[in-house]
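In: Predicted structure and sequence below. I'll ask about it afterward.
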Amino acid sequence: MGEGRPDSAKQSLGVQLAVQYGCMFLWIFLSAAVILVNKYVLSVSGFPYPVALTCTHMLFCSVAAFLVVKMGFAEVTPISADTYLSCILPIGLLFAGTLWTSNAAYLYLSVSFIQMLKATMPLVVFMVGCGFGTEKFTMNSAGNMVIVGIGIAIASYGEILFVLVGVLLQAGSIICESVRLTLVQVLLQKRGIKMNPVSTLYHIAPCCFVFLFLPFTYIELPRIMKDPNVNINVPLLLGSAVAAFALNMAVFLLIGKTSALTMNIAGVVKDWLLIGLSVILFGSTVTGLQLFGYLIAFAGVMYYNYLKIQGMKQQTSGVEKAPEKAERSNSSSEREPLISASPSPTGRPK
């Protein structure tokens, strides 16, 4: 019976890796789609109102999650008042801040430069995770993050279309997103709360919508009412909201399967894709130096994933050895009474 365990463990590890990387690639695709659509809506279609756009997303997500739960396709995990106040509200507030500042940055910066700035998020997530205890500080991880940071710094050097307001908005978005992702990981893993993506969105999206609705009402709504050139393209906004709903579920699913840091390091792969698409679709300028920097960052990402797989293999190996040790211990304890029951010539047990 023990002979089947190694093959079974290897198959289990393979399935686990397939699920994790499947979630990762799904998130990369949806994230790229949402970013490109949002850039088009805000900068090209004639609707330069990031808070209104994010309000639309969160309203759709709230309604969609509510309908999915009420139709019986998913169950809602009960949340205590203490958990709601200590986890859901902060996550909703940070999520609102992330969406607002991130979308607003597209009014000032190109997609390619924003992705370069976003790629610094693994550094921030790593530091925040160490502070919250969700990530363990090691010299390998720290050195790997330094390599990623150096690559991103090289790639960001010499940006032609530099607008300070846009950079500050994107920096605020990175900070909010890093803390939010870590808090989501604490909610899903550290506190032992089992929630599926729909259930998580069911609790967080309405809270996020409320935090966004206030600045929308007092800041953007009066401007929209007075803007004679505003173009409210309902099908385009609806498509953007559907993509955002799918992306939000993919985010929670990916964090639940891996970690916030893993998701943000995978974001560097997404950055490569988006930089290429931004050159093709929006005519963004990308220099050879920027590509060289991203190549360094990409190498750091691949090495991080290699270390992660090696750690998973070591854990699997430890699980395999534990039953074997238990079996040897049980078999030896079963033999000991038989040996000791046989008297030696001196009358003492052997």
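Out: Structure's in. What do you need?

In: I35 contacts L277, doesn't it?
Out: No. I35 lies out of contact with L277 (Cβ atoms under 8 Å); the separation is 9.0 Å. No exception for glycine: its C-beta is placed from N, CA and C like everyone else's.

In: Mutual contacts of these two, please.
Out: By the contact definition Cβ atoms under 8 Å, 6 or more residues apart in numbering, I35 and L277 are jointly contacted by V111.

In: who's more crowded, those two?
Out: Set I35 next to L277 and count neighbours by other Cβ atoms under 10 Å: I35 wins out with 24 against 18.

In: got a list of what that one touches?
Out: Contacts for I35 were tallied using Cβ under 8 Å, 6+ apart; they are V111, L274.

In: And K270, by the same measure?
Out: Residues near K270 by Cβ under 8 Å, 6+ apart: W27, I28, S31, A32, Q115.

In: what's the farthest-apart pair in those?
Out: W27 and Q115 (14.8 Å; Cβ to Cβ).

In: Compare these two (neighbour count), which wins?
Out: With neighbours defined as other Cβ under 10 Å, W27 and Q115 compare such that Q115 has more, 26 against 22.

In: any idea which element the more buried one lies in?
Out: Using DSSP states H and E, Q115 maps to helix 111-118.

In: G192 now?
Out: Using DSSP H and E, no helix or strand contains G192.

In: Can you give me the neighbour number for it?
Out: G192: 7 surrounding residues under other Cβ under 10 Å.

In: Likewise for V19?
Out: 13.

In: Pretty sure it sits in a strand.
Out: No. When classified by DSSP: H, G, I helix; E, B strand; the rest coil, V19 is found to be helix rather than part of a strand.

In: Now D227. Its backbone dihedrals?
Out: Note on D227: its backbone torsions stand at phi -90, psi 110 [degrees, to the nearest 10].

In: Show me the helices in the stretch 101-250 of the chain, by range?
Out: Remark: helices assigned in the stretch 101-250 of the chain by DSSP state H, counting those that start in this stretch are 111-118, 121-132, 139-156, 164-185, 197-215, 221-226, 234-257.

In: Pick the most deeply packed of these.
Out: helix 111-118 (a mean of 25; mean count of other Cβ atoms under 10 Å).

In: And the contacts of that helix?
Out: Contacts of helix 111-118 (Cβ under 8 Å, 6+ apart): 35-36, 39, 105-106, 109, 152, 155-156, 159, 161-162, 166-167, 170-171, 174, 267, 270-271, 274-275, 277-279, 282, 284-286, 290, 294.

In: What of stretch 218-238?
Out: So stretch 218-238 is in contact with V37, Y40, V41, S45, G46, F47, Y49, V51, A52, L53, T56, F60, going by Cβ under 8 Å, 6+ apart.

In: Report the separation between the two terminal residues of it.
Out: Start-to-end span of stretch 218-238 (Cα to Cα, to the nearest Å) is 23 Å.

In: which SS class is A74?
Out: The three-state label given to A74 by three-state DSSP is coil.

In: what's the closest non-adjacent residue to it?
Out: With sequence-adjacent residues excluded and distances taken as Cβ to Cβ, 6 or more residues apart in numbering, A74 is closest to V198, at 3.9 Å.

In: For the one you found, give me its contacts.
Out: A65, V68, V69, F73, A74, M249.

In: filter the residues you listed to the buried ones?
Out: Among the contacts of V198, those buried by neighbour count (16 or more other Cβ atoms under 10 Å) are A65, V68, V69, A74, M249.

In: need the helix or strand of this protein with the lowest average pLDDT.
Out: helix 288-340 (a mean of 62; mean pLDDT, DSSP states H and E).

In: ok, F162 - how many residues close by?
Out: Using other Cβ under 10 Å, F162 is surrounded by 12 other residues.

In: How about it: what's its closest non-neighbour residue?
Out: F113 (7.8 Å).

In: picking that back up, how close does the residue nearest to A74 get to A105?
Out: Separation of V198 from A105 (Cβ to Cβ, to the nearest Å): 29 Å.

In: and of the buried ones among the contacts of V198, the nearest to G129?
Out: Of all the buried ones among the contacts of V198, G129 sits closest to M249, with 22.3 Å by Cβ to Cβ.

In: right, and the closest one touches I204 too?
Out: No. Counting by Cβ under 8 Å, M249 does not reach I204; the two are 11.2 Å apart.

In: Next one: V210, what pLDDT does it get?
Out: At V210, the pLDDT value in this model is 92.
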